[in-house]
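>>> need coordinates for the below:
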Amino acid sequence: MFTAQDILDIAIRLEKNGEKTYRDARHNIPDDQLKRILAWIAQEEHDHARWFTDLKNRLAKAEDHHLTAELSRALVEDVVKGQAFSLQEVDFETIDSPDKMFHTFIGFEEDTITFYEVLKTFIDDKAIADQLERIILEEKKHKATFREMLAGN
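Okay, here's the model as predicted:
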C-alpha cells in the first residue's frame, strides 16, 4: 500500500515532469506566442510542485495526520497503480508536427486532472481541498489553451 507521502511524490513528479516538458518544448518551436504560453504553463506547474512539496513537508511533520490516513486508502490500488500519468519524458524527436505536440500536452493535462480529481475525494481539509481545486482549474485552463492552439493549427 502506498502512503500519502508516496502519493504526493507522484503529484510532485507529475508537476516537475510537466514543467520540464513545457520548458524543453520551448527550444523546439519557432513560434514566440507559443513559447510565451509554454513559459506561463511551466511556471504554473512549478508553483503546483512547490505547493505539493510544502504539503508533503507538513505531512512529514504530522501536522495533517488525518490526511495521511485518508490518502493512504484505496487511491493507489484503484487509480494510480494502473496508470502512467505522464511520468515518462517526452522525446521531441518523435513529435513531428504541432498537432502531435498539442495532443501530447493535452494528454498530460488530462492525466494530471484525473489524478487530482481522484485525490481530492480523499481530502477532508477544506483549505487543502480548495487549493487542490484551484490547481485542477489551472490544469483545465492549460488543457483548454492547448485545445485552442490545436484548433487554430
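>>> now do the strands in this structure.
In the chain, no strands are found when defined by DSSP state E.
>>> what about the longest helix along it, average pLDDT?
Longest helix in the chain by number of residues, with DSSP state H as the criterion: helix 32-60. Per-residue pLDDT values over helix 32-60 give a mean of 93.
>>> most distant residue from the centre of the chain?
The centre of the chain is farthest from one residue, residue 30, which by CA atoms, centre = their mean lies 25.3 Å away.
>>> can you list the weak-confidence ranges in the protein?
Along the chain, segments meeting pLDDT under 70 span 1-3, 62-89.
>>> could you redo the last one with a cut-off of 50?
Applying pLDDT under 50 to the chain flags residues 1, 84.
>>> helices of that one, start to end?
In the chain, the helices defined using DSSP H lie at 4-26, 32-60, 65-71, 75, 98-120, 126-151.
>>> need these in a markdown table with mean neighbour count and distance to residue 91, can you?
Heads up, the C-betas are built off the backbone N, CA and C, glycines and all. Listed next are those as a markdown table, based on neighbours: other CB atoms under 10 Å; distance: least, CB to CB, whole Å:
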| stretch | mean neighbour count | distance to residue 91 |
| --- | --- | --- |
| helix 4-26 | 19 | 10 |
| helix 32-60 | 17 | 17 |
| helix 65-71 | 15 | 32 |
| helix 75 | 22 | 30 |
| helix 98-120 | 18 | 10 |
| helix 126-151 | 16 | 18 |
